[in-house]
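**Q** return a 3D structure for these sequence lines:
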Amino acid sequence: MLFSNFKSLRLGNEKDKETQERAKLINVKPSLFVLSFVSLCFIYSESFMAKGRILQVKESEITVISQQNTDYISLTDMTVSFREGSGLIGKWITNKNTIEYLGVWERVNNPDFNYPEFGVIGQEAGTNRFIMSVGQWIDRTKAIGMLVKAGRYGGTYAHKDIAFHFAMWLSPEFQIYLVNEFQRLKDEENDRLKLEWNLQRTLAKINYQIA
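**A** Okay, here's the model as predicted:
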């Protein structure tokens, strides 16, 4: 009788341990599932970010890059569907109206803008002998609204304000498509950032519960 009671007690303890282990698994499995889901979402988000920096404007694929949290749109890509190609950038930047616009933009956004040199350029602009590249504009005035990149994703890039100005110079229709496509891209990126923020909150709650 004593042996039987001892055996029953041991079996009871073993069942209690088994029940506790099952309870732990029940609590942990959903957490592990959510953690895996969060990880997959972040992987998807990074992949989307890599592919999502291309604007599809009519027949052109236009690259967008970020420098110091500022978007720059490829002017070089914008000219692909036009007959004169990237040579249009040189014609645009030597236009007197373009110089005036760039000067105003830099004055508003760039505290280090070289005003004296800009004055010299302004006097030269509009004459038959005036020739200037984007690189020369940047070097002479310390402009920040445009940049020239080499290598992968190489080409001439401009802040969205300036890129939209260039697009209007190319074609009003092209400019409208570009603005709409850029806004669509930014809306998608904002939605993704909201998703990531919500996932981070969920992950923080899970970590707290597991701890």
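
**Q** now do stretch 105-121, average pLDDT.
**A** For stretch 105-121, mean pLDDT rounds to 97.

**Q** may I see the buried residues of it?
**A** Neighbour counts over stretch 105-121 (16 or more other CB atoms under 10 Å) mark 105-106, 113-114, 118, 121 as buried. In short, each C-beta sits where N, CA and C put it, glycine included.

**Q** any chance of these in CSV with secondary structure and distance to residue 174 as columns?
**A** Converted to CSV, the buried residues of stretch 105-121 look like this (DSSP: H, G, I helix; E, B strand; the rest coil; distance: CB to CB, whole Å):
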residue, secondary structure, distance to residue 174
105, helix, 20
106, helix, 24
113, coil, 29
114, coil, 31
118, helix, 28
121, helix, 27
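
**Q** of the residues you listed, closest to residue 173?
**A** Lowest distance from residue 173 to these (CB to CB) belongs to residue 105, with 23.4 Å.

**Q** doesn't residue 145 make contact with the closest one?
**A** Yes. At 5.3 Å, residue 105 counts as touching residue 145 under the criterion of CB atoms under 8 Å.

**Q** and the next element down the chain from the longest strand anywhere in the chain?
**A** Using DSSP state E, we find that the single longest strand of the chain is strand 60-67. Scanning forward in sequence from strand 60-67 by DSSP states H and E, the next helix or strand is strand 70-74.

**Q** ok, back up a step: what is in contact with residue 105 and residue 145 at once?
**A** Shared contacts of residue 105 and residue 145 (CB atoms under 8 Å, 6 or more residues apart in numbering): 159, 161-162.

**Q** out of the residues you listed, the closest to residue 135 would be?
**A** Nearest to residue 135 among the shared contacts of residue 105 and residue 145, with distances taken as CB to CB, is residue 162, at 15.1 Å.

**Q** so the closest one is in which element?
**A** Secondary structure from DSSP H and E places residue 162 in helix 160-170.

**Q** list the buried residues of that helix.
**A** Using 16+ other CB under 10 Å as the test for burial, helix 160-170 gives 160, 162-167, 169-170.

**Q** ok, the closest residue to residue 138 other than its chain neighbours to residue 172 distance?
**A** Of all residues not flanking residue 138 in the chain, residue 146 sits nearest, at 6.2 Å (CB to CB, 6 or more residues apart in numbering). In this view, residue 146 and residue 172 are 22 Å apart by CB to CB, to the nearest Å.

**Q** the two - which one has more neighbours?
**A** Using other CB atoms under 10 Å, the more surrounded residue of residue 146 and residue 172 is residue 146, with 23 against 9.
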